[in-house]
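**Q** Generate a structure from the sequence data that follows.
(chains A, B, C and D)
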Protein chains: 2
Amino acid sequence: MQTDLQISRQSATLRVKVEETLRQAIANGRFKPGQRLVERELCEMLGVGRTSVREAMRQLEAEGIITSYPHKGPVVSTITYEEAQQLYTVRALLEGFAGQQFAEHGTAADIATLQAAVVEFEAAAESGVGARLIDAKNAFYNCLMDGSKNVFVRQMLTALHNRINLLRMTTMTQPGRLAHSIAEIKDIATAIQNRNGPLAAAACKFHIDQAAKVALEYLRKNAAPET
Amino acid sequence: MQTDLQISRQSATLRVKVEETLRQAIANGRFKPGQRLVERELCEMLGVGRTSVREAMRQLEAEGIITSYPHKGPVVSTITYEEAQQLYTVRALLEGFAGQQFAEHGTAADIATLQAAVVEFEAAAESGVGARLIDAKNAFYNCLMDGSKNVFVRQMLTALHNRINLLRMTTMTQPGRLAHSIAEIKDIATAIQNRNGPLAAAACKFHIDQAAKVALEYLRKNAAPET
DNA sequence: ATTGACAGATTGTCTGATAATCTTTTTAAT
DNA sequence: ATTAAAAAGATTATCAGACAATCTGTCAAT
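**A** All right, here's what the predicted structure looks like:
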């Protein structure tokens, strides 16, 4: 008797699918920050009615990845240098917390999962396949977020990740950064495995701060403060 | 030439007004947690079309104050004991951060505003007028949030406050709690004024932890784990 | 008591229409 | 020619009506 027999869950209201599609399209750069999202075009492009598109917009707007001005319609959100700074700051705070909680209250199974994610991350890095690396990274962060044992922290971090993605600046593309990144992640995992809460928090913060440094540096150089 | 001359903000698309109205109605208990929000009823009640109501729903859903299941419609969110715990935990974390930032980077003007808020809070407490007390409390927290100088922290804390409000349990109704509350708030303000970051953070955390203790205690007693 | 069919209620989604508002172009005045 | 005012065009905001899909409760049959 299998415990998990889910029929392909076809339901998931159209609107949700639209949300997912658009979120994805924005995350992978199909729609770029600043770009207008014209209702009618989206309807045609997606083959759905205005209702679904408009409701999905409200959701994405609430998530912060699109911004809309009354009577002008939505645009993909842009992030200023200052906002990026703040984004990374609060991310460091929350992820540090998650790391600490993980270290102090995570189950053995949680830790095993985290270690597996680290291993896969290394393998992915070695393989050089971009998509695999991204998946591995997400798996790691997902595990870490769950470690907080706090739904709200998870929600907030997910939202933050989505918004940081807008920077379209996979900090890992920076030469040499990847190696450091791996080392930092291993430090995090190690601290957690050793049940050292404060050290885990510090490692998380350090990791994010390093990523922030690279991203902000890049942002400053390619500063494009448009309207 | 006045720098701020806002005409009654007539614009604010209908949808936004609906959001505000409903948020308010939920915050003050007009709609109680668990209660269904039937689309048609809301339309009649508010005198607006389904479009506006549905889009407002998506917003409130994203904020977490309503929850909706496909084909069953939205209900005012309920909060379990564990969720309440988590809510207060992350609130303590963020408010602690805000307090620390305030102490370390707040301007003299910010501090003056905070002090004024504290004074008004005391006066409001003395006056015994409930509404005034609530306003004063909000003013204080608003000021504190701004002290973080971080839009995202502000957004997150606002969202958290809205959700905690669902508990419909103004921790201050607890006998004797108000006096403690005032003392704690004064401690926060003092630490900030002394530019003592860590102390300010600790004071904020302590304040929230105390509030959490009262709220959770109350929740446990009146535990009503419905479906 | 359990099952199954049926009716009623409500949501999900589409379409068309109209008003409100922004943007651009054209026209008019200096 | 330059600037201001007016007209046109485009897009959003909102409503209303319709229909399918889905949930819920009722009631008879086993």
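**Q** Which stretches in chain A count as strands?
**A** Counting by DSSP state E, chain A has strands at residues A:66-69, A:73-76.
**Q** can you list those strands in TSV and add distance to DNA strand D, mean neighbour count and mean pLDDT?
**A** Backbone N, C-alpha and C define where each C-beta goes, glycine included. Below are these laid out as TSV (distance: least, CB to the nearest atom of the strand, whole Å; neighbours: other CB atoms under 10 Å in any protein chain shown; pLDDT from 0 to 100):
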stretch	distance to DNA strand D	mean neighbour count	mean pLDDT
strand A:66-69	6	16	96
strand A:73-76	3	18	96
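**Q** DNA strand C versus the residue lying closest to residue A:87 once chain neighbours are set aside, what's the distance?
**A** Nearest residue to residue A:87, sequence neighbours excluded (CB to CB, 6 or more residues apart in numbering or on different chains): residue A:164, at 5.6 Å. Using CB to the nearest atom of the strand, to the nearest Å, we find residue A:164 at a distance of 28 Å from DNA strand C.
**Q** would you turn the strands of chain A into TSV with distance to chain B?
**A** Compiled in TSV, these are given as follows (distance: least, CB to the nearest CB, whole Å):
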stretch	distance to chain B
strand A:66-69	10
strand A:73-76	12
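**Q** Pipe the ones you listed into JSON lines and attach distance to residue B:83 per row.
**A** What follows is these, written out as JSON lines (distance: least, CB to CB, whole Å):
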{"stretch": "strand A:66-69", "distance to residue B:83": "28"}
{"stretch": "strand A:73-76", "distance to residue B:83": "31"}
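**Q** Using JSON lines, lay out those together with distance to DNA strand C.
**A** Formatted as JSON lines, the strands of chain A follow (distance: least, CB to the nearest atom of the strand, whole Å):
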{"stretch": "strand A:66-69", "distance to DNA strand C": "8"}
{"stretch": "strand A:73-76", "distance to DNA strand C": "9"}
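**Q** Of those, which is nearest residue B:56?
**A** strand A:66-69 (14.2 Å; CB to CB).
**Q** How far away from the center of its chain is that closest one?
**A** Distance, stretch centre to chain centre, for strand A:66-69: 20 Å (CA atoms, centre = their mean, to the nearest Å).
**Q** Which strands border that strand, and is each parallel or antiparallel?
**A** Strand A:66-69 has the following sheet partners, assigned by DSSP bridges: strand A:73-76 (antiparallel).
**Q** which other residues reach the partner strand?
**A** The contact list for strand A:73-76 (CB atoms under 8 Å, 6 or more residues apart in numbering or on different chains) reads A:26, A:31-39, A:57, A:60-61, A:65-68, A:166.
**Q** and if you look at stretch A:124-143?
**A** Applying CB under 8 Å, 6+ apart, the contact partners of stretch A:124-143 are A:110, A:113-114, A:117-118, A:120-121, A:123, A:157, A:161, A:170, A:172, A:178, A:182, A:185.
**Q** so residue A:166 touches residue A:33, yeah?
**A** Yes. The pair residue A:166 / residue A:33 is scored as a contact, 5.6 Å apart, by CB atoms under 8 Å.
**Q** Separate out the buried members of the contacts of stretch A:124-143.
**A** A:110, A:113-114, A:117-118, A:120-121, A:157, A:161, A:170, A:172, A:182, A:185 (16 or more other CB atoms under 10 Å in any protein chain shown).
**Q** Find the nearest non-adjacent residue to whichever residue of chain A sits closest to chain B, please.
**A** Chain A approaches chain B most closely through residue A:62 (3.3 Å), counting by CB to the nearest CB. The shortest distance from residue A:62 to any non-neighbouring residue, by CB to CB, 6+ apart, is to residue B:62 (3.3 Å).
**Q** so what's the residue most central in space within chain A up against?
**A** Closest residue to the average C-alpha location of chain A: residue A:161 at 2.8 Å, with CA atoms, centre = their mean. Counting by CB under 8 Å, 6+ apart, residue A:161 makes contact with A:91, A:141.
**Q** residues in contact with the residue lying closest to residue A:184 once chain neighbours are set aside?
**A** Among residues not flanking residue A:184 along the chain, residue A:207 sits closest, at 4.1 Å (CB to CB, 6+ apart). Contact analysis of residue A:207 by CB under 8 Å, 6+ apart lists A:95, A:181, A:184, A:185, A:187, A:188.
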